[in-house]
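Enquirer: mind looking at a prediction? Sequence and model below.
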Amino acid sequence: MPPFKDEHILIIAPGSQVTLAQLGLPESFTPARYRFPTRMFPGEKKGEYEPYKIRERRQEIKLATNGSDAPKEDVEMKDEDAPQTQEGTTNTDEPKTESTDEPKTEGADSELDGEKSEANGENSQTVEEIFYEEDVASEEGAIYPMENGRIVDWPCFFALLTHVYNTLSPPFHTPILLIAEPAWSLRDREALTQFVFEKFKTPAFSLMDSALAVCYGYGVSTATVVDVGKDKVDVTAVTDFIVNEHGRGIALEGCGGDYMTDRLLELLGPKGFTREMCEQLKRSNITELLPQGTPLPGTAATARQDGNHPASGGPEGVNQPRAQNGAGENDEDEGVLDVAAIVSSGDTSEFLAQREKEKAGTKKGADASAKPVRLPNSKKEKATFQYQEFVKLEPEEGAPNGPGRFIRQTRDIEVSVERFLAATPKQKTGERLSSGFLEDIATQIHHTILAVPDATKRSDLWDSLIIVGNGSRVKGFTQALLATITQMFVLSPSGTIFTSEIPSNFSTPLHTGGTNTPAPQGMPGPMHHPAGHGVNPLLVAATHSNNTAAPNMPPGTPSMDPTFSHHRSTGHSQTPTSVKTIRPPEYFPEWKEQTATSTTAQNPPGLNGPGGPAAGGTHRGMEEAVFLGAQVASKVIFVIDQGLSKGFMSRVEYNENGPSAIHEYVM
Amino acid sequence: MNPSVPPSAADYGGDEVSAIVLDPGFSTTRAGFAGEDTPKSLIPTYYGKYSFEGQGKLIYGDDIFVTPRPGLSIHNPIGRDGIVDDWDMAEKVWEYSFTSKLTGAKPGNPLLNGLNDIPEGELPAEMEGVESDEKPLADSPLLMSESSWNPTKAREKTIEIAMEKWGTPAFYLARNGVLAAFAAGKASALVVDIGASNISVTPVHDGMILKRGVQHSPLGGDYVSSQIRALFKSNIPQPITITPHYLISSKTAVEAGQPPRAKYKTFPPERAPDASYRTLLEERTLSEFKECVVQVWPGPTKLSATGPNGVPNEEMARSSPGRPFEFPDGYNQVFGVDRYRVVESLFDAKSAIPDPDSALPAPTQAQTVPELIKAALNGVDVDIRAHLLANVVVTGASSLLYGFTDRLNHELMQLYPGPRVRISAPGNTSERRFSSWIGGSILASLGTFHQMWISKKEFDEHGPSIVEKRCK
């Protein structure tokens, strides 16, 4: 078998909402080039699926020459690089239609056949013809084949895989790496293996656990991976590149990003917010999880800033026009824009013009109100975000039967301090008694780490949390989760026997503990979160007092020996003494640039206010680290290793052993 | 057992679907495919029951530890003696153990999986009703383990569930003592299994248990927990109550031995979880305590005795450094000699910490590990005693108590000074915890085992009593 080439590798990472895919590994790894919504629509025939909503429309036409010049739309399949370039080129003022007519180029299209046969009968001048139009904006009738990570509709899921495969149309000699959700059972994996080999005839196939992929992406061997999805959370402890199946938190329901949307809806629903508004509000960058104990703006401590809005929690008009707040919000709001969506909806320049106008307006407003300082979002009592919705246009007069046209409309909505309360406990707690989903996630992390049989690894696991998943994109999520864990589980610093005069510094000579006071195992690093208390190294020392490796170590010897921690006798130590997240790797410029581009992309040229806000956390984009890891892994298993260490299953092996043999290759 | 080396086709039968091995215990239930080195699925045997909006709901798996639910109560379908009490729920819990991670809840309809597309114009074969008849184990043979004292009725009930409810094509019921011996690579061994609710000593000879020698007593991990609770009650400077994390809203760091300063959560009485839930979560803290603090006095003599150099062992224990432990409410303390005392009664019944409130009766000397071993050996033929003593296999999660095997070794040397005593206890935690599952995994993937399966046909012919004839 000839070796595989970088440019032939196909990676697919299905998620409940978005399926990431890419053909070929670039020189330097990039975020996924294709993002497919994980949904299909029932096709004309039962058991068949289409990637877009297909509407049927009957029309009397004179000649059967329609559609040949209709543009092929490719909207929902957003090309990550595209927005910037398209931005310049798309300058039609008229909102482009979101739907196209036939023909389409999708392979194996049933409805293509249907229309052909329909068209065959047209001999006369006037025929009634059925048009099928793709309605990319509609989600009506969509089937989401994955729910909470589980595959609930297999035919639909297979159709989605086929759609992804056909869209990317890989060459013949293409190995496939599929990222497996933790919730997939072993039989599920066998079914997928069988499907991929028999339908795509791939020469090599590998299934990789998503948590492991994240570890590859971060370049660490031991980590606790917390994957926050739409409505579920997976918590996985990975030790030495081995996924600990026992105690793993799989698809913890009701803990994903939807919790925050629901909570916002609960808070704002009485004020006329719809769920979609709350969803967009959550995604906007004015929604933030503040550190515990931070006073909400608008309370007494911060009241002075709100001269023009004295009443906190005042009326938030949903349809309030913009430009009544200061200019500060205005700049930030630009971060909200989904540029790709704007471009695709075609009203870019209109939109730009509008923004320009508003900007001018608010500049004036700002001057008038003469705000002295620009406040950060967390200090402002109110902020606005842009809400986008599809509005169906009335059919144009000339073409009453023309395809349904939609326009993306944006409007500004102002919200008060509710935007900081997305993670607070719901009123309708339903079946849960815990207060808030962060607490559930923290408990699951605790449970998962405690279930790791190798007790010596637990402390490392606490110190290497990786929080991924698009549910965690809300600003401040990581900090809030760390604070919750610290609050609930981190051991307090009181050092039992060494209770008095605790030296805060690690290098202080330790002379209190008698003969076998060992030096602490490692530097308890500074806590990530301001609310976290520093951990007393002496507690670490005391909890490891059975250490046989260094009983005779002279007091005060700085034990920075990296091998030291491997010699703990039985790992008889209570954890966690600290909890930390791992920094994302910095050697993939595209993933870092993702941060940069996402900021610049959100601030279209010409609108960039001075000192536009950076986009939230430190590593936006790394929420999809699973895809980075998938690229690293596929490079390793398909190109470098070439199957020597059984990283993938080849077609020959499949033919010999059948789908169940995949478990010997599953990474 | 290297998972990366595929079994050769000769003893594995190429395209054969691998069997499922199910090892139900009192505390946890293990399930996985035969031929693998650890069970893929490990769930607590406990399940939760609550009602929400008038509907009764059941939760299985790790979820019971994570999220408190209104009125949640925790139950265990298996009795303290290791025999199933509640068959309906045992069936459900076991079924969850393999459907959740191994087989999936429902296999997909093969018609619609894209592999069986019907060419245009052909009529699809009528497949109505196929899916509804699909049983969770329709295509996997099942090997289950059982305790050595499992009564005939329970065994017959087990095969009925497997054959009739799960639809397995082939079934076998193996003694977990035998399987643990297999996992250690021995056909004859004295298996000392320290479980959660029971400790048992099973003499195994040539792959068969010697029934007269089988001994068991309730001094398992749960008994150790009750001892720890007794210790906490009489603790100096103040009695310790364990408050699980879910009841604490915030805690403040306190000095060692100082009363905790935590804010507690309260639930309205109609929504508050049952006491059994609290007990379950307290057990989590206790198992952490067992892992971090508890230690078995290494011997060679009892903790209450005097050491070889004339110093009382208690004094020695007192001089060794204590271990700190912090409770969920922030209370923390260093435990010195007490951490030896809580397990001492596994070897010396007299040193048990008395606790009149405990659900478990005070142990008798006959229930301790050395006495059980003695009784087991007395129950077997004198000729094989030496061989068994040279092959003592220690298994069960509670045997992971720090220093347990050292102490057992000393005790056995004292009981049997003559013959060679050799203890084999895997150092790897998962091998120790899952040894009977691993033995089952080995057994079910052996080519020679294929003739041992009880097939569906045989079951239909002979009824459940076949299990007594075939699974000795």
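Expert: Cool, the structure landed.
Enquirer: so what's the closest residue to chain B within the stretch 201-350 of chain A closest to, chain neighbours aside?
Expert: Per Cβ to the nearest Cβ, A:His246 is where the stretch 201-350 of chain A lies closest to chain B, at 4.2 Å. Placement of C-beta: from N, CA and C, glycine included. In space, and not counting its chain neighbours, A:His246 is closest to B:Leu42: 4.2 Å by Cβ to Cβ, 6 or more residues apart in numbering or on different chains.
Enquirer: listing partners with orientation, what would you give for whatever helix or strand that neighbour lives in?
Expert: Assigning secondary structure by DSSP states H and E places B:Leu42 in strand B:41-44. Using DSSP bridges, the strands paired with strand B:41-44 are strand B:28-33 (antiparallel).
Enquirer: where does chain B dip in pLDDT?
Expert: Along chain B, the parts satisfying pLDDT under 70 run over B:1-17, B:105-134.
Enquirer: point me to the residue of it nearest chain A.
Expert: For chain B, Cβ to the nearest Cβ, closest residue to chain A: B:Ala253, 3.1 Å.
Enquirer: chain neighbours aside, what residue packs nearest to that residue?
Expert: Nearest non-adjacent residue to B:Ala253, counting by Cβ to Cβ, 6+ apart: A:Ser492, 3.1 Å away.
Enquirer: my read is that that neighbour contacts B:Val254, right?
Expert: Yes - A:Ser492 is within contact range of B:Val254, at 7.0 Å (criterion: Cβ atoms under 8 Å).
Enquirer: between the two, which contacts overlap?
Expert: Common neighbours of A:Ser492 and B:Val254, using Cβ atoms under 8 Å, 6 or more residues apart in numbering or on different chains, are B:330, B:332.
Enquirer: and the helices in the stretch 51-200 of chain B?
Expert: B:63-66, B:87-98, B:152-160, B:176-183 (DSSP state H, counting those that start in this stretch).
Enquirer: returning to what we had before: correct me, but the residue of the stretch 201-350 of chain A closest to chain B touches A:Ala451?
Expert: Yes - under the criterion of Cβ under 8 Å, A:His246 makes contact with A:Ala451 at 5.3 Å.
Enquirer: more neighbours, the two?
Expert: Neighbours were counted for A:His246 and for A:Ala451 using other Cβ atoms under 10 Å in any protein chain shown; A:His246 has more, 21 against 18.
Enquirer: A:Pro270: neighbour count?
Expert: 8.
Enquirer: hey, where'd the strands end up in the stretch 301-450 of chain B?
Expert: With DSSP state E, counting those that start in this stretch as the criterion, the stretch 301-450 of chain B has strands at B:323-326, B:332-335, B:392-395, B:423-424.
Enquirer: distance to chain A and mean neighbour count for those - can I get that in TSV?
Expert: Listed next are those as TSV, based on distance: least, Cβ to the nearest Cβ, whole Å; neighbours: other Cβ atoms under 10 Å in any protein chain shown:
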stretch	distance to chain A	mean neighbour count
strand B:323-326	4	24
strand B:332-335	5	22
strand B:392-395	14	26
strand B:423-424	18	16
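Enquirer: to B:Val369, which of the ones you listed lies closest?
Expert: The closest of those to B:Val369 is strand B:392-395. By Cβ to Cβ, the value is 9.8 Å.
Enquirer: okay, that closest one in PDB with CA atoms only?
Expert: Provided in PDB are the C-alpha atoms of strand B:392-395 (Å, rounded to 0.1, in the frame of the first residue of the first chain):
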ATOM      1  CA  VAL B 392      -3.200 -17.600  47.400                       C
ATOM      2  CA  VAL B 393      -4.900 -15.100  45.000                       C
ATOM      3  CA  VAL B 394      -6.000 -11.800  46.600                       C
ATOM      4  CA  THR B 395      -8.600  -9.800  44.700                       C
END
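Enquirer: show me what that strand packs onto, helices and strands only.
Expert: Applying 3 or more Cβ pairs under 8 Å, 6 or more residues apart in numbering or on different chains; DSSP states H and E, we find strand B:392-395 packed against helix B:176-183, strand B:189-194, helix B:404-415, strand B:423-424, helix B:435-444.
Enquirer: B:Asp357 is nearest to which of the ones you listed?
Expert: Here strand B:189-194 is closest among the helices and strands packed on strand B:392-395 (Cβ to Cβ), at 24.4 Å.
Enquirer: so what secondary structure elements neighbour that closest one?
Expert: helix B:176-183, strand B:199-205, helix B:369-378, helix B:382-389, strand B:392-395.
Enquirer: of these, flag the one that's most buried.
Expert: Highest mean neighbour count among these (mean count of other Cβ atoms under 10 Å in any protein chain shown): helix B:176-183, with a mean of 28.
Enquirer: so which bits of the stretch 251-400 of chain B are right by chain A?
Expert: By Cβ under 8 Å from any Cβ of the partner chain, the residues of the stretch 251-400 of chain B that approach chain A are B:251-256, B:265, B:267, B:271, B:273, B:284, B:288, B:291-293, B:295, B:321-326, B:330, B:332-334.
Enquirer: quick one: secondary structure of whichever residue of chain A sits closest to chain B?
Expert: Residue nearest to chain B within chain A (Cβ to the nearest Cβ): A:Ser492, separated by 3.1 Å. The local conformation at A:Ser492, judged by DSSP: H, G, I helix; E, B strand; the rest coil, is coil.
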